[in-house]
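1. only the shape, not the letters, is given here:
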Ligand SMILES: O=C(CO)COP(=O)(O)O
């Protein structure tokens, strides 16, 4: 049985006091469950403080991106070594916003995925097609290619620990959710790609989240699908009550 992963991606939102307030309001209310894990992907600036605030709780803190090198002349970047040194256990890699605005490519996603795993950080690897690609019937080709390239060179054992996040670009921040069936179809396809390219065991173990306008009102339906193992949530993760409702849905 795969454990659901409910992750709130705050993106570039909240001040430090708002971030702390959210953590204080939620950390003790995260159900200790073998069915779900709860993660907040916070702005880099707050990671140290939020990791400390959540120590010993069931709420985990993730970075929203990271570099693949351990150190060096990469002004403004954050290394996996640095993340690990402050106790960050997860990092989002290849979010569509980073692919669109910050030159993230399948190649850098692959390097970052390797680097994260080498440093004991669980990568949350994002993949997803644009509306244009979906309308041109290229969803499987695009998403399959992204998955294959992201996981290239990893052992089956490593792939088993990766979290994949299927986020159709057209459903992000638009209020347009893929129907549960549409989302599951692609998640099933992704699992089959992992089965074909990696191994049946890795395909069975890998967690696949859906992301794109997930909210308390639609999360149950999405999570009831066979190949959806959680949600990566933007807008609806910003309010404590809404985030807690999503986590509770995942832990049911
Ligand atoms: O990009 C997302 C999460 O990473 C989804 O954002 P929304 O939930 O705001 O659509």
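-> Yep, that arrived. Please read these numbers as outputs of a predicted model, since none were measured by experiment.

2. next, the buried residues of stretch 24-35.
-> Under the neighbour-count criterion of 16 or more other C-beta atoms under 10 Å, stretch 24-35 has 26, 27, 29, 30, 33 buried. In this view, the C-beta of every residue, glycine as well, is placed from N, C-alpha and C.

3. repeat that for stretch 46-53.
-> When neighbours are counted by 16+ other C-beta under 10 Å, the buried residues of stretch 46-53 are found to be 46, 47, 49, 50, 51, 53.

4. checking the fifth one next. Helix, strand or coil?
-> At residue 51, secondary structure determined by DSSP: H, G, I helix; E, B strand; the rest coil is helix.

5. wait, it sits on residue 59?
-> No: taking contact to mean C-beta atoms under 8 Å, the distance of 10.3 Å between residue 51 and residue 59 leaves them out of contact.

6. pull the distance from whichever helix or strand residue 109 is part of to the chain's centre.
-> Take DSSP states H and E as the rule and residue 109 turns out to sit in helix 106-118. Taking the mean C-alpha point of helix 106-118 and that of its whole chain, the gap between them comes to 14 Å (C-alpha atoms, centre = their mean, to the nearest Å).

7. ok, residues contacting it?
-> By C-beta atoms under 8 Å, 6 or more residues apart in numbering, the list of residues contacting helix 106-118 from outside reads 65-70, 80, 91, 93-94, 122-123, 125, 145-146, 149-154, 158, 161-162.

8. also stretch 72-84?
-> Contacts to stretch 72-84, defined as C-beta under 8 Å, 6+ apart, come from residues 44, 47, 63, 65-71, 91, 115-116, 118-121.

9. and the ligand, which of those contact it?
-> Cross-checking the contacts of stretch 72-84 against the ligand (C-beta under 6 Å from any ligand atom) gives no overlapping residues.

10. which members of the residues you listed are positioned in strands?
-> 63, 91 (DSSP state E).

11. can you select the buried ones among the contacts of stretch 72-84 for me in ChimeraX?
-> Here is the ChimeraX command that selects only those of the contacts of stretch 72-84 that count as buried (16+ other C-beta under 10 Å):
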select :44,47,63,65,66,67,68,91,115,116,119,121
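
12. and stretch 61-80, how far from the chain's centre?
-> The gap between the average C-alpha position of stretch 61-80 and the chain average comes to 17 Å, counting by C-alpha atoms, centre = their mean.

13. how about the residue of the stretch 151-252 of the chain found nearest the ligand: what's its closest non-neighbour residue?
-> Nearest residue of the stretch 151-252 of the chain to the ligand (C-beta to the nearest ligand atom) works out as residue 234 at 2.4 Å. Nearest in space to residue 234, with sequence neighbours left out and distances taken as C-beta to C-beta, 6 or more residues apart in numbering, is residue 9 at 5.2 Å.
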